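Peer 1: how does the following fold in three dimensions:
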Amino acid sequence: PGSRVDRQAMKSKTVIYLYNQLMDPVIQSNIFLYITDIASREGNNHHFAFLTFESPELLGSASEVAKIKSELAAIDLDWYPRQWHPGTSLLLKLIDLSASFFTVFQLRLKGYKTIISLASVAGSYAYIISMLFGMKLYLYQYEPHSEYEVDSGTYGRGSLKFKMLHYLEKRSALYASVISSGTRHMAERLKEWQVKAKVFRIPSVVNEDKFQFSTNDRNEIRNKYGIGPSKIVLFYPGKFGGLYYKNETIDMFKILLDKNSEFHALVVTPNDLSEIKELFLNGEVPEKRLTITQSSFSDIHKFFSAADFGIIAVPPGPSKKFVSNIKVGEYLCSGLPYLICRGVSEDDEYAEKYKVGVVIENFNREEIEKAYNGIMSILQPPPEYIRTHCRQVGEAYRGFKKLNREFRKAFESLVHA
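Peer 2: Numbers count the residues shown, from 1 in each chain. Below you'll find the predicted structure:
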């Protein structure tokens, strides 16, 4: 069999550049699935190095880090965690870029010739590095993050931060060998830009083996939080503010709960719980009809089984057609229909075409009151039918087993570019 060093020497070598933490659910439920699947296949002839940016307080002990590194090394994956510097100043971003610059330089000397990045901030950094070191670049989940920030009000179109990020986003696309994004809308834009890259449509993926309905999980969560078996649970697992509605989400729950005494609000959020609870109480949402909690990624799927209807709290805006919501696939594969604003991704189109969701213009009172009738209509069939139908749509639209084939095509295009 030879040593691990001998085996590596015979393999193609790719850096997975993530401006994120390795154990973040966004990574674990997404690109980590694809890469570990390739690496663990018998006869695999590719080697990968994960470059991540970690918060020291969340990274874990030295022994925990060593354990993860050992587990990854067993399938010829290396992990290079670097410290993340929180904040939005350009100086802090340059510090992070410098750390990754030196790490990738060392890897380049070891024979790494390709880079895969996730999302546009990481993609911009990876573009600079890959251009300097003559490496081929795959922009995975390429989206216009700069435009999201404008739509959310974080950046102004005339701001230096917007101009720099927007410039790097476009330059990275023009340089890349391979690009994949979640919607046809981005494919159309890239065609207008006349990019040289091979372009693939790969929506945000869901591990359909993890996210599937379970009666045991439903009973466990409902019993734990005192949610009665007859309650219709409206579920929101996500953040408040930034790229998502904040007070509007509170108002949405208030309006819907007022219209039906059987509705119960279930919120699982990474935000500060006391802050979110205060928002709901200030919004006059009855405490006894509200459950707000947090969850580890290992247990989050149980909450999906406990619910009956999911919420996508992404406001509409010109850039939002490029979004590919991870939660949509998780809802559908768990058997849940969802509420979404028009013009968000292609998820609004799927909701209407396959009757797995309710589409509204925004989260104002008039639209939410309209949504109520749609929610009740979509929940009218027997629960078993709803879950089976949503699951079938979810597997075809977002399931790992299907999308993995597309990712492997995109990856092979990178290696052989």
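
Peer 1: list the buried residues in the helix or strand hosting residue 370.
Peer 2: Element membership for residue 370 (DSSP states H and E) is helix 365-378. By 16 or more other CB atoms under 10 Å, the buried positions in helix 365-378 come out as 367, 368, 371, 372, 374, 375, 378. (Each C-beta comes from the backbone N, C-alpha and C, glycine too.)

Peer 1: do you know how far the third one is from residue 205?
Peer 2: Same thing as residue 371. According to CB to CB, to the nearest Å, residue 371 stands 28 Å off from residue 205.

Peer 1: then the fourth one?
Peer 2: Here the distance between residue 372 and residue 205 works out to 32 Å (CB to CB).

Peer 1: same deal with residue 380?
Peer 2: For residue 380, the distance to residue 205 - CB to CB - is 30 Å.

Peer 1: kindly report the same for residue 230.
Peer 2: Taking CB to CB, one finds residue 230 at 34 Å from residue 205.

Peer 1: next: residue 354.
Peer 2: 18 Å.

Peer 1: settle it for me: which of these two has more neighbours?
Peer 2: residue 205 (25 against 17; other CB atoms under 10 Å).

Peer 1: nearest spatial neighbour of the more buried one, skipping sequence neighbours?
Peer 2: residue 403 (4.8 Å; CB to CB, 6 or more residues apart in numbering).

Peer 1: identify all contacting residues around the one helix or strand the one you found maps to.
Peer 2: Here residue 403, judged by DSSP H and E, is contained in helix 400-415. Residues from elsewhere that reach helix 400-415, judged by CB atoms under 8 Å, 6 or more residues apart in numbering: 12, 14, 33-34, 37-38, 46, 114, 116, 136, 138, 140, 177-178, 180, 198, 200-203, 205-209, 395-396.

Peer 1: so which of those belong to helices?
Peer 2: Mapping these onto helices (DSSP state H) picks out 33, 34, 37, 38, 395, 396.

Peer 1: tell me what the helix holding residue 370 is packed against?
Peer 2: Counting contacts by 3 or more CB pairs under 8 Å, 6 or more residues apart in numbering; DSSP states H and E, helix 365-378 packs against helix 247-259, strand 357-360.

Peer 1: please redo it, this time with the cut-off set to 10 Å
Peer 2: strand 232-237, helix 247-259, strand 309-311, strand 338-341, strand 357-360, helix 383-398 (3 or more CB pairs under 10 Å, 6 or more residues apart in numbering; DSSP states H and E).

Peer 1: switch the ones you listed over to JSON lines; also include mean neighbour count, mean pLDDT and distance to residue 152.
Peer 2: What follows is the helices and strands packed on helix 365-378, written out as JSON lines (neighbours: other CB atoms under 10 Å; pLDDT from 0 to 100; distance: least, CB to CB, whole Å):
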{"stretch": "strand 232-237", "mean neighbour count": "22", "mean pLDDT": "98", "distance to residue 152": "18"}
{"stretch": "helix 247-259", "mean neighbour count": "19", "mean pLDDT": "97", "distance to residue 152": "12"}
{"stretch": "strand 309-311", "mean neighbour count": "25", "mean pLDDT": "98", "distance to residue 152": "18"}
{"stretch": "strand 338-341", "mean neighbour count": "24", "mean pLDDT": "98", "distance to residue 152": "13"}
{"stretch": "strand 357-360", "mean neighbour count": "22", "mean pLDDT": "98", "distance to residue 152": "19"}
{"stretch": "helix 383-398", "mean neighbour count": "18", "mean pLDDT": "98", "distance to residue 152": "24"}
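
Peer 1: and residue 127, which of those is closest to it?
Peer 2: helix 383-398 (27.3 Å; CB to CB).

Peer 1: helix, strand, or coil at residue 106?
Peer 2: What DSSP: H, G, I helix; E, B strand; the rest coil gives for residue 106 is helix.
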